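A.B. asks: Give me the fold of what follows.
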Amino acid sequence: MINRIYIKDCLSFKEIDLEFNKGLNVFTGPSGAGKSILMQAILSLFAQSDVKQSLGEVLISDSKIVDDLYDLDVNDDIVIKTIKKEKVRFFINNQTISKKNLNIVSSKLIKHLNLRDTSDFESHKLLDFLDKLSGLNDKRFIEVKANFDLLYKDLTMVNKELEKIKNDELRIEDLKEFAKFEIEKIESINPSLDEYEELNLLKRQLSKKDKIEDAIKDASSILNYRHSVSNTLELLEVETSFFDETMNELNNIFEKFNDSLFELEDIDIETVLTRIEKLSSLQKRFGSIKLALEYKEEKKKELLSYDNITFEKSVLEKKIEKLTEEINQLSIDISSYRKKSVLILQEKINEYLKFLYLSNAKINLKEKKLDAHGIDEVDFELNSVNLNTISSGEYNRLRLALLTSISEFDIIENGVLFLDEIDANLSGKESDAIANVLFTLSKSYQIFAISHQPQLTSASHQHFLVDKKDGISTITLLNKEERINEIARMISGEEITSNAIKFAKNLLTKK
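C.D. replies: Down below sits the predicted model:
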């Protein structure tokens, strides 16, 4: 439910600050006063219209919206803000949100009824409602539908696996050749773990071999003076053990490096560099030698699986055949439940259509190719005529009958309806019928409607007057006396007559 809206600097409106109740909220006023601007401004707060205002805010309660991404729970109040400067920014509970995501979130609550929107008659939506109604009338349906959904999900996954195998089968020889090529390429190098690091260490040693030899040769001359130093220390009566140990350790180090350098004599630096280059190519491609070896094993497994592809294909085809048989039977069972629910819904719609001076709505369940919704497709007719060919007035009234019927079963999440002059170009009795049905529908939905007819206006729970003076639009919540005057103006025009006043009072008394 929308509790409050605040809008600043929106075309002819300087500032709008309104609070709303549940039920039917109607906006009236002279042509050109700004009613459509107001409606579009409110819709823009939900990213369902272009933002014209510099600042907008809407407070929503009891939305029943759950959204983990924006931390929204069933009982949370929601505050949506729009700020327009160089560009438009949207916020939900002080979190930035894109226009697209806000539209997705708000669509769970907001429904804008206009002639371009035919979504209420979309087959999948009606099937979803029929399934809920079927489950309400017979608990066994819930189990049947759950089994169907589970098996259809399995069938979808198995079909994807089979499709992949069929695609692989078409290019199996190419895949085999590629796998063999990849395996042979790695095996031709035949790398081992840590080999790359060890060879790079060897490369560094070889590059410094001559320098190390020369350095050891120059430094070894110090050993020629060890006896002289020892004798001198003895004459000085200084302990010589520390010096002897140092010279021995130094000599051992030099001999150790000489031995390692001797071992390098037989190593060909070009061979080492070539090997490093090959290993480096694997490093660059796979990230490490370990990953290259793992990739080789994966390709070996793939090669083996290609040899088993015929067997795997046969297993999947048998599984699909079994699943399809079970799903087809379940879809037939589901269809039988839906046919019973169709009669219930159809009867309820026609009850409301009588009030709306229409009749003979028929809901047809046609068989179609099996998909996630089963084998049924919903098709609506009015007096044996397809909905594409009925008038806009008939379409609006049929849609109201559908929504009111659905809401009466109390098995769907209702929300907020916005109506675009739904009673325009209707006769008095048709307008009165629309008003009565909307009054009933407002028990389930909070409704916002623009009206030029006194019947719908008098049925409202809140009546707002939109007016314009000197180019500035204003909006006012009317009290009882003000409502009488406004409804009388709608009846008789700017020159309000006593008969119009009397008729307005009678309308309000009846409601």
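A.B. asks: Mind checking what secondary structure the closest residue to residue 55 other than its chain neighbours has?
C.D. replies: Distances taken as Cβ to Cβ, 6 or more residues apart in numbering place residue 8 nearest to residue 55, at 4.3 Å, with adjacent residues excluded. Heads up, the C-betas are built off the backbone N, CA and C, glycines and all. Following DSSP: H, G, I helix; E, B strand; the rest coil, we place residue 8 in the strand state.
A.B. asks: Do you have the helices of the stretch 1-150 of the chain handy? List them.
C.D. replies: Assigned by DSSP state H, counting those that start in this stretch, the helices in the stretch 1-150 of the chain fall at 35-44, 99-106, 123-137, 139-170.
A.B. asks: Could you pick out the longest helix of the chain?
C.D. replies: helix 309-355 (DSSP state H).
A.B. asks: avg pLDDT for it?
C.D. replies: The predicted model assigns helix 309-355 a mean pLDDT of 93.
A.B. asks: Kindly report the same for stretch 120-132.
C.D. replies: The pLDDT scores in stretch 120-132 average 92.
A.B. asks: Could you break this structure into its assigned domains?
C.D. replies: The chain breaks down by automatic domain parsing into domains covering 1-109+415-478, 177-309.
A.B. asks: other SSEs contacting the lengthiest strand in the chain?
C.D. replies: Ranked by number of residues, the top strand in the chain under DSSP state E is strand 361-371. Under the contact definition 3 or more Cβ pairs under 8 Å, 6 or more residues apart in numbering; DSSP states H and E, strand 361-371 sits against helix 309-355, strand 374-382.
A.B. asks: mind putting these in a markdown table, distance to residue 510 included?
C.D. replies: Shown next, in a markdown table, are the helices and strands packed on strand 361-371 (distance: least, Cβ to Cβ, whole Å):
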| stretch | distance to residue 510 |
| --- | --- |
| helix 309-355 | 15 |
| strand 374-382 | 29 |
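A.B. asks: what sits against residue 365?
C.D. replies: Neighbouring residues of residue 365 by Cβ atoms under 8 Å, 6 or more residues apart in numbering: 335, 338-339, 342, 376-379.
A.B. asks: bridging residues for the spatially closest residue to it that is not a sequence neighbour?
C.D. replies: Sequence neighbours aside, residue 376 is the residue nearest to residue 365 in space, at 4.9 Å (criterion: Cβ to Cβ, 6+ apart). With DSSP bridges as the criterion, residue 376 is bridged to residue 367.
A.B. asks: looking at it, residue 279 is touching residue 189, isn't it?
C.D. replies: Yes. Counting by Cβ atoms under 8 Å, residue 189 is a contact partner of residue 279 at 6.9 Å.
A.B. asks: who's more crowded, the two?
C.D. replies: Higher neighbour count among residue 279 and residue 189: residue 279, with 20 against 14, using other Cβ atoms under 10 Å.
A.B. asks: Can you give me the neighbour number for the nearest residue to that one once chain neighbours are set aside?
C.D. replies: Excluding the flanking residues, the one nearest residue 279 by Cβ to Cβ, 6+ apart is residue 196, at 4.4 Å. Neighbour count for residue 196, taken as other Cβ under 10 Å: 19.
A.B. asks: who are the neighbours in contact with residue 196?
C.D. replies: Contact analysis of residue 196 by Cβ under 8 Å, 6+ apart lists 276, 279-280, 283, 289.
A.B. asks: what do you get for residue 369?
C.D. replies: Applying Cβ under 8 Å, 6+ apart, one finds that residue 369 lies in contact with residue 375.
A.B. asks: got it, and residue 251?
C.D. replies: The contact partners of residue 251, by Cβ under 8 Å, 6+ apart, come to residue 223.
A.B. asks: Give me the mean pLDDT for the host helix or strand of it.
C.D. replies: Assigned by DSSP states H and E, residue 251 belongs to helix 241-263. In this model, helix 241-263 has a mean pLDDT of 77.
A.B. asks: what do you get for stretch 158-165?
C.D. replies: On average, stretch 158-165 scores 92.
A.B. asks: Can you mark which positions in that stretch are buried?
C.D. replies: Across stretch 158-165, burial judged by 16 or more other Cβ atoms under 10 Å covers 158, 162, 165.
A.B. asks: do stretch 459-476 as well
C.D. replies: By neighbour count with 16+ other Cβ under 10 Å, stretch 459-476 contains the buried residues 459-468, 473-475.
A.B. asks: So, low pLDDT: which residues of this protein?
C.D. replies: Across the chain, the ranges flagged by pLDDT under 70 are 115-116, 205-210, 258-268, 410-414, 511.
A.B. asks: how about a cut-off of 50?
C.D. replies: Along the chain, segments meeting pLDDT under 50 are nowhere present.
A.B. asks: Okay then, goodbye and thanks.
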